[in-house]
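1. Sequence first, predicted model second:
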Amino acid sequence: MMRLMGKGKLQARQVDSQSQARHGAGSQGPECGRPARLRPFYPPRSRAPGFRFHRAAPSPPRSNASPLGRVLSPSRPAPCQRSSPISRRPRPSQIAAGQGRRQPGPSQAPPPEASLPGASTPRLAPAAERRLWNVRLLSRESPSGTMKAVLRKAGGTGPGEEKQFLEVWEKNRKLKSFNLSALEKHGPVYEDDCFGCLSWSHSETHLLYVAEKKRPKAESFFQTKALDVSASDDEIARLKKPDQAIKAFWAPGDAGVVFVGWWHEPFRLGIRFCTNRRSALYYVDLIGGKCELLSDDSLAVSSPRLSPDQCRIVYLQYPSLIPHHQCSQLCLYDWYTKVTSVVVDVVPRQLGENFSGIYCSLLPLGCWSADSQRVVFDSAQRSRQDLFAVDTQVGTVTSLTAGGSGGSWKLLTIDQDLMVAQFSTPSLPPTLKVGFLPSAGKEQSVLWVSLEEAEPIPDIHWGIRVLQPPPEQENVQYAGLDFEAILLQPGSPPDKTQVPMVVMPHGRHLALRALALPALFLAGPFTLRSLSAGGPHSSFVTAWMLFPAMLCKMGFAVLLVNYRGSTGFGQDSILSLPGNVGHQDVKDVQFAVEQVLQEEHFDASHVALMGGSHGGFISCHLIGQYPETYRACVARNPVINIASMLGSTDIPDWCVVEAGFPFSSDCLPDLSVWAEMLDKSPIRYIPQVKTPLLLMLGQEDRRVPFKQGMEYYRALKTRNVPVRLLLYPKSTHALSEVEVESDSFMNAVLWLRTHLGS
C-alpha cells in the first residue's frame, strides 16, 4: 500500500553548480517531500520497507582528503572488521556431561529444550567480539560514472548504537554524508538481495532506497495516549493497495518510480525463495500521486529491469500460489505503447538438448545489451547452470556457454556489452571471467578472459548420472520424466570398496564463504554464495559447493540428487511432485543410491544422509522407510510433520500445495486433508527408525519452526534411538551465520566419523 506524503517534510538541498552545468538547470527532477512508503509483505524481523529520496547535493570542498577516500577507491576495497574466531567446540563427551552448554545467569533460565538429555545450545563467540565497524553495505555508481553513492553502517557494542550513513562520492572526495539514523524518518535501510535497493535518478540529482517504515514504540495499555481519530480515513485508504516494494527504480524522466507490490491480506506470507506470491508491477507518479498498474495483478512478478534506452522493461512472471519456484515467463512492457508481450514462455518439457526454460529467481541488475535489444541471464539447465541471451524482438534464446567444460556460470552484470561472470565446478572454486557479448547470431563465439585463475582442488573427481525411474515408480500423469545426480568421489582411493558415501537431497542452500573476488568492475569486494530457491523445487548444479568438496577431500563420496520436481528439467517435472512428496522424491533418492552403489562399488554398509529443509524432510523419510541402508543422518531444520507445521510456518501454502491440495487462506483443511499431510510426513515412520540422527535447529526459524525438530527428537528419544540436538538460539532457517555454519559443519563431520568410522 502506498501513501504519498506532502512536500516539505524533507528539506530540499540545492545541487552544486558543477552538477547543474553537467545536467542542465532544469534537470533536477521533481521536488520530493516525504515520498511514497510501502509496507512489507514479509520482511525479515516483521519490518516494513518504504521509499526514501535524498538529493545528491555535495558539501563544500574540503581542504584535505577524507580519510575514507582511499577506502572507496575502486582499486582499494572498503575495510571490514572480521568477526573473531568462534570459541573451541567442546567434544561430544563434554557436551554429554553438560560442559558445552550455555550457562544461565542469575536471572536467565535455560531454554527448556537445552535441558533435555542429548540437547545442547552451542557456545559461540560473545556478541561483543563479533561487532562490525564502518562496513559498506551497498554502493552504486551514477549513470555518468562520475559519482558514487555508498550506504555504510557504523556500529558500536551497545544496543541502538548502529547507525547508517548515505554518502555521495566523486572520485576520492566525499561530497556529502547523510546520517539516516539521525533523520528519524524511517527504520534501517534494507541492503539484502531480496529488499535492498540503491538507485540513482537519470538526472543524478536524487537517490532511491528501500527502508523499514518507522513504527511507533509499543506502550503499556495504561500509558497509551488517546487515539487520533482524524487519521483514520488516511489509514483505511492505505490498506486498499499492495504495500511492499523491492528492487524499485526510477522511471524514464525521473517523474516517478517503478516497483513491485504484493498482496498481503489476510496475513503476510514468507517471501524469501518464494517467487509465487501474488504481485504486480506498478508505477507511482511522484508529482501527481497516481499509482498505475502495469502488469497482470493475478500472477506473480519479479526483477523488473529498464532498458538502456529507457523504452522497455523486462520482468519475470509466474503463476501465483502454486509451487514456490517454477519455470517462469520473460515478459516485456513497452513504456510508450503500454503493450505487454511474452518474450520467452514456460517450457513444459525439455526436448533433447534444447532450452528447458528460465528458472532464475532474479535477473541481474545489469542484464540488457547496449543496443537494448537482448537480455542476458543465467539459468539452471538440468544439472548445469548456463548463460543465455534472448532477443526481445523475436524471442530466440541462445546459449553463451554451451559445449564448455561442464561447469556452471553465473552472470554478475553486463555493462556496454561487457559481461562479468562467475565460473566454477565441483572441484574448481569460482573464478571471475569477462567477455564481450558478440553481435546477434554469433553469441556462441564469446571469448572469455579469466581475471583471476583458481587452482582446481586435487583428487576430486565428479560427473553427472542420468537416471530413469523403474516402471513401478513412474508418475502416471507425467510419465517419461528422468532425473539426475551429481557424484563427487575421491581420486584414486586405495580400495574403492572401503569408501563411505554421503547422500545429499537438495532443499536448502549450501554456502560458499571466504572468497573475495577483485573489485575491478564491481563496487568493492563481495562474498559469493550459491543460493538455491528452497526446497523441494530447487536443484544442485555443477558449481563449487564447499561442504561436498570438503567431505570429498576427507575421503567420502558425495551424491547430490536432483529428484523429479527439481528445477531445470521443465515445468512438467516440477508439477509432478506436489501431491507426491514423501513418496516420489524419496523413491528417486533411494533409487539413485542403489544405482551408484551397484555401479561404483562403494561401501554399502557405510552410507549416510545429510540434508536441510526439504532435504532434511527426505533424509528423515529415508531413515524411516529404508532403515537398513543408512548408518548415520544429519538433518538441518527438517520438516517433520506437515500437519502440525501448517499453523506455525510463514509458508502454510507449501504445506497444502505439496500435499496435493489447492491453497486457500479463508478456510481450514478438513480431516481428510490433515490425514493426508500426516501420511506424507516423516513422523509416520518413527517406529522403524534406528539410524543415529544429529538435528541442528535455528530457534528463530520461521520457515520450518524448530518445534518440528523437537517433535522428532522427543519421539526418537522415547524409543532409545541415538539422537543429538543442537539448538542455535539466534539463527534462522539457513543457519548461515559464520560461527553457526562452522560449528554445525564440524559437528556434522564428527557425527559422521563417529558412526561411519574414520
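-> Done, it's in. Numbers count the residues shown, from 1 in each chain.

2. Tell me where the chain has helices.
-> For the chain, the helices defined by DSSP state H cover 17-23, 92-96, 180-183, 232-238, 546-553, 571-575, 584-600, 614-625, 642-645, 652-658, 671-679, 707-717, 738-756.

3. Among those, which comes closest to residue 277?
-> Evaluated over the helices of the chain, closeness to residue 277 peaks at helix 652-658, with 9.2 Å, by CB to CB. The C-beta positions use only the backbone N, C-alpha and C, and glycine is treated the same way.

4. which other helices and strands contact the closest one?
-> Contact here means 3 or more CB pairs under 8 Å, 6 or more residues apart in numbering; DSSP states H and E; on that basis helix 652-658 packs against helix 642-645.

5. For stretch 396-408, buried residues please.
-> Across stretch 396-408, burial judged by 16 or more other CB atoms under 10 Å covers 396-401, 404, 407-408.

6. Sort out which one of those residues lies nearest residue 299 for me.
-> Among those, residue 397 lies closest to residue 299 (CB to CB), at 21.2 Å.

7. Filter the buried residues of stretch 396-408 down to the ones in strands?
-> Among these, DSSP state E puts 397-399, 408 in strands.

8. Just the closest of those residues to residue 494, please.
-> If you rank those by distance to residue 494 using CB to CB, residue 408 comes first, at 31.3 Å.

9. what pairs with that closest one across the strands?
-> Under DSSP bridges, the beta-bridge partners of residue 408 are residue 424.

10. Correct me if wrong: it contacts residue 386.
-> Yes - the criterion here is CB atoms under 8 Å, and residue 408 meets it with residue 386 at 7.5 Å.

11. picking up where we left off before, among the buried residues of stretch 396-408, which has the minimum pLDDT value?
-> In terms of pLDDT, residue 404 ranks lowest among the buried residues of stretch 396-408, with 73.

12. Next one: that residue from residue 601, what distance?
-> Using CB to CB, to the nearest Å, residue 404 is found at 31 Å from residue 601.

13. Likewise for residue 324?
-> 38 Å.

14. and what of residue 570?
-> 33 Å.

15. All the strands of the stretch 401-550 of the chain, in order from the start?
-> Ranges of strands in the stretch 401-550 of the chain, per DSSP state E, counting those that start in this stretch, are 408-415, 418-425, 428-436, 449-450, 460-467, 483-490, 501-505.

16. so where's the stretch 201-350 of the chain uncertain?
-> Flagging of the stretch 201-350 of the chain using pLDDT under 70 yields the residue ranges 223-246.

17. in it, which spans are strands?
-> Listed in chain order, the strands of the stretch 201-350 of the chain (DSSP E, counting those that start in this stretch) span 206-212, 249-250, 256-262, 279-285, 291-293, 300-306, 312-318, 329-334, 340-344.

18. can you put those in TSV and add mean neighbour count?
-> Shown next, in TSV, are the strands of the stretch 201-350 of the chain (neighbours: other CB atoms under 10 Å):
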stretch	mean neighbour count
strand 206-212	24
strand 249-250	21
strand 256-262	25
strand 279-285	22
strand 291-293	14
strand 300-306	23
strand 312-318	23
strand 329-334	19
strand 340-344	17
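
19. what about residue 162, how many neighbours?
-> By the criterion of other CB atoms under 10 Å, residue 162 has 15 neighbours.

20. hmm, back to that, out of the strands of the stretch 201-350 of the chain, nearest to residue 121?
-> Distance to residue 121, taken as CB to CB, is lowest for strand 206-212 among the strands of the stretch 201-350 of the chain, at 29.5 Å.

21. helices and strands around the closest one, which ones?
-> Applying 3+ CB pairs under 8 Å, 6+ apart, one finds that strand 206-212 contacts strand 49-55, strand 163-170, strand 198-200, strand 249-250.

22. Which one of these has the poorest average confidence?
-> strand 49-55 (a mean of 44).

23. Give the buried residues for stretch 498-506.
-> Those would be 499-506, for stretch 498-506 by 16+ other CB under 10 Å.

24. so which of those comes closest to residue 448?
-> Residue 448 lies nearest to residue 506 out of the buried residues of stretch 498-506, by CB to CB, at 27.9 Å.

25. and the closest one, how far is that from residue 612?
-> Distance, residue 506 to residue 612, using CB to CB: 9 Å.

26. Low-confidence regions, the stretch 651-758 of the chain specifically.
-> Across the stretch 651-758 of the chain, the ranges flagged by pLDDT under 70 are 758.

27. so how far is stretch 722-732 off the chain centroid?
-> Remark: stretch 722-732 is offset 22 Å from the chain centroid, using CA atoms, centre = their mean, to the nearest Å.

28. Neighbours of residue 264, how many?
-> Residues near residue 264, counting by other CB under 10 Å, number 21.

29. sorry, back to before: when residue 324 and residue 601 are compared, which one has more neighbours?
-> residue 324 (25 against 12).

30. okay, the closest residue to residue 616 other than its chain neighbours: pLDDT?
-> Excluding its sequence neighbours, the residue lying closest to residue 616 (CB to CB, 6 or more residues apart in numbering) is residue 638, at 2.6 Å. With respect to pLDDT, residue 638 scores 95.

31. right, and residue 638 touches residue 609 too?
-> No - in this structure, residue 638 is not within contact of residue 609 by CB under 8 Å, at 10.5 Å.

32. Quick check: neighbours shared by these two?
-> Jointly contacting residue 638 and residue 609 under the rule CB atoms under 8 Å, 6 or more residues apart in numbering are residue 619.

33. give the contact list for residue 637.
-> Residue 637 makes contact with 508, 612-613, 616, 696-698, 701, 703-704, 706, 708-709, 733, 735 under the criterion CB under 8 Å, 6+ apart.

34. which of the residues you listed tops the neighbour count?
-> When neighbours are counted by other CB under 10 Å, residue 616 leads the contacts of residue 637 with 32 neighbours.

35. From residue 637, how far out is it?
-> As judged by CB to CB, residue 616 and residue 637 stand 6 Å apart.

36. now swap in residue 728 and tell me
-> Applying CB to CB, the value for residue 728 to residue 637 is 10 Å.

37. how about the ones in strands among the buried residues of stretch 396-408 in CSV, adding distance to residue 436?
-> Shown next, in CSV, are those (distance: CB to CB, whole Å):
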residue, distance to residue 436
397, 19
398, 15
399, 17
408, 21
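
38. and which of the residues you listed is nearest residue 136?
-> Nearest to residue 136 among these is residue 408, at 28.1 Å by CB to CB.

39. Counting neighbours, what do you get for residue 724?
-> A total of 21 residues lie near residue 724 under the criterion other CB under 10 Å.

40. That one touches residue 697, doesn't it?
-> No - Residue 724 is beyond contact range of residue 697, at 11.4 Å (criterion: CB under 8 Å).

41. how far away is residue 734 from residue 444?
-> For residue 734, the distance to residue 444 (CB to CB) stands at 37 Å.
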